[in-house]
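[1] the following block contains a protein sequence and its predicted model.
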Amino acid sequence: MSDATYVVFVPKSKRDELRKILRTEDTGPLAWREQRSWFGSEFYFSGPPVLARKAQAYVAEWVICG
């Protein structure tokens, strides 16, 4: 099965914290990259479709509730 990529927007106020978390955690087969913009960053999660989707959903919820 091919990899999938999901994206989530993270506001500027939270992007440093997320970047720090992602750099310190072992993400296994999941790869991530960041595209910065003026008001925040888009974080792209690529890997096995189920894992990439779960990462995107978790980060989106973290942004809203955290």
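    Perfect, thanks for sending it. Numbering: from 1, shown residues only.
[2] residue closest to the middle of this structure?
    residue 43 (4.4 Å; C-alpha atoms, centre = their mean).
[3] which residues touch it?
    7-10, 15, 18, 22, 32-34, 59 (C-beta atoms under 8 Å, 6 or more residues apart in numbering). (Glycine included, C-beta is placed from N, CA and C.)
[4] element containing the closest residue to residue 46 other than its chain neighbours?
    Distances taken as C-beta to C-beta, 6 or more residues apart in numbering place residue 5 nearest to residue 46, at 4.3 Å, with adjacent residues excluded. Residue 5 is part of strand 4-11 when elements are defined by DSSP states H and E.
[5] now that strand: how far from the chain's centre is it?
    In terms of C-alpha atoms, centre = their mean, to the nearest Å, the centre of strand 4-11 is found 5 Å from the chain centre.
[6] note down every partner strand of it and its orientation.
    Looking at strand 4-11 with DSSP bridges, its partner strands are strand 40-47 (antiparallel).
[7] got the angle for the next helix or strand after the strand it pairs with vs strand 4-11?
    Per DSSP H and E, the first helix or strand lying C-terminal to strand 40-47 is helix 49-65. Angle, helix 49-65 to strand 4-11, by axes from the mean of the first three to the mean of the last three C-alpha atoms, to 10 degrees: 10 degrees.
[8] who are the packing partners of helix 49-65?
    In terms of contacts (3 or more C-beta pairs under 8 Å, 6 or more residues apart in numbering; DSSP states H and E), helix 49-65 is packed against strand 4-11, helix 12-24, strand 40-47.
[9] which residues belonging to the longest one are considered buried?
    Residues 15, 18-19, 22 are the ones in helix 12-24 that count as buried (16 or more other C-beta atoms under 10 Å).
[10] now, which of the residues you listed sits nearest residue 64?
    Checking these against residue 64 by C-beta to C-beta gives residue 18 as the nearest, at 13.1 Å.
[11] so how far is residue 40 from the closest one?
    As judged by C-beta to C-beta, to the nearest Å, residue 18 and residue 40 stand 10 Å apart.
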